[in-house]
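# predicted model and sequence below, questions to follow.
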Amino acid sequence: MRGHLSWMGCAAAALVLVTACAAPNGQSPRAAGSAPGLAASKARNGSASPAGGASRGGAVGAAAVRQLRLRGQIGVRLAGETLAVTHDGGRTWAPVSLPAGLAPANIAAVDSAPDGAPLLAAVDPTGSVHVYRYAAEWSAVRLDPRWPAGTSTADGTEQVAFHPAAGGIVAVVVSLAGGGFSAEHALFVSTDNGGHFGPPATPNGPDVNVRWSGLLMVTPRIGVLVAGPTQELLLRTTDGGASWQRLSVPGVGGPGTFALGAPVLSGSRIDIPVTVQAAADGSREKFFLLASDDQGATFTVRGVALDIPADFAPTGAVTGNTGSTWWVVAPSIGTVYETTDDGASWRTVHETGLALNTVAVTLTGPAAATAVIAVNSCANDKSECTMTVTVEQTTDGGATWSPA
């Protein structure tokens, strides 16, 4: 998909990375990630209490999709005036009533908590962010960013992104975009699936006052962040986001020759997908994984590099990865790459029928997956844009795809 679902979540999705078959309490994928190109998934069980009956997947109809997030089997979608949840990777959707008084146009972000509960965020005219959580009924908490002295919300537009993690952690990033790739950020962390949040951290400095593409809070105080105009900065915090230290990135060249994907948690290990320019003329690239076994203090190259065509988009920033199975999908050239040993070896699968503009692929079994296809169309250049979402599935390891 070429377009934006949110400022933190631009999903060009020419490259889609998928991880692991469905597993209890695992985590899951983002349909619209936090930067161009890559989507990663992590399966997770969870439940909400949606009202009404389910509808089939496939095209979601004439209503424009305002927000969409998938995390394994669990997902939340805002289409037109209707909020809906899925528990089968997007094949069927069940409507959920919106919180009283909340207009769909005011919803800035949707997602799912680690326990599966739907989450919504809305920004009010004063700049406060209201986070709504659904568990039989809606509850809400207000978050008030503390911007540095002299910062005015009139200088930019506040955007909101959820970053759920294991152990009930939900990080909420409120970003105030400036000129170019500059931005201010306020980070709130919850340890009870979004029910309550601690005070905000508002870091400052050249490495953090830029676009954030991927965030993983391993604990309420320890986290790893991918940032920068080309997703080249790898940062770590040990104080809940108040300060960040730059980490070295092994296996890469200078700035502009590589892009980092979102940090994702696999058990106690942190993995980061990387795309590196492999030829001076830009004709080839390499894809590999970085891994950390010390909560992000250090990273090493894991497995072997996968040679990929240069028409892959830069690695994007989305969450996922449970287990040792990863898929790298290139819809533009009709190829699926798979590893079942965390990148130690790769095999190539030639796909048939998977449409362009795939924004998420969720592995639902050893050889089964669901793909979400999102296509933007704009009536007037970059304005009056709508999105059409369809769902496709495979049961033969990605060799063939058909409408779900």
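Arrived safely. Numbers count the residues shown, from 1 in each chain.
# low-scoring stretches of the stretch 151-300 of the chain, by residue?
By pLDDT under 70, the low-scoring segments of the stretch 151-300 of the chain are 152-157, 281-283.
# from the middle of its chain, how far away would whichever strand or helix holds residue 68 be?
Secondary structure from DSSP states H and E places residue 68 in strand 65-71. The chain centroid and the centroid of strand 65-71 are separated by 10 Å under CA atoms, centre = their mean, to the nearest Å.
# with stretch 337-349 instead?
22 Å.
# by contact count, what packs against the strand holding residue 68?
Secondary-structure packing of strand 65-71 (3 or more CB pairs under 8 Å, 6 or more residues apart in numbering; DSSP states H and E): strand 74-79, strand 107-112, strand 358-363, strand 369-380, strand 383-394. Where you see a C-beta, it was placed from the backbone N, CA and C, and this is true even at glycine.
# can you list the strands that the fourth one pairs with?
Each strand paired with strand 369-380, and its direction, by DSSP bridges: strand 358-363 (antiparallel), strand 383-394 (antiparallel).
# quick check: pLDDT value at the closest residue to residue 129 other than its chain neighbours.
Spatial nearest neighbour of residue 129, excluding adjacent residues (CB to CB, 6 or more residues apart in numbering): residue 143 at 4.3 Å. Looking at residue 143, its pLDDT is 96.
# sorry, back to before: return the most buried member of the strands paired with strand 369-380.
For the strands paired with strand 369-380, the largest average neighbour count (mean count of other CB atoms under 10 Å) is found in strand 358-363, namely a mean of 32.
# could you look up the SS state of residue 251?
Secondary structure for residue 251, judged by DSSP: H, G, I helix; E, B strand; the rest coil, is coil.
# next one: the closest residue to it other than its chain neighbours relative to residue 287, how far apart?
Among residues not flanking residue 251 along the chain, residue 301 sits closest, at 4.5 Å (CB to CB, 6+ apart). Plainly put, residue 301 is 12 Å away from residue 287 if you go by CB to CB, to the nearest Å.
# same drill for the two, tell me which one is more crowded.
Neighbour count, other CB atoms under 10 Å: between residue 301 and residue 287, residue 287 has more, with 24 against 16.
# pull the contacting residues for the closest residue to that one other than its chain neighbours.
Closest residue to residue 287 apart from its sequence neighbours, by CB to CB, 6+ apart: residue 306 at 4.5 Å. By CB atoms under 8 Å, 6 or more residues apart in numbering, the contact set of residue 306 is 286-288, 328, 337, 339, 343, 346.
# try residue 183
Taking CB under 8 Å, 6+ apart as the criterion, residue 183 is in contact with 156, 175-177, 209-212.
# I'm done for today, thanks for sticking with me.
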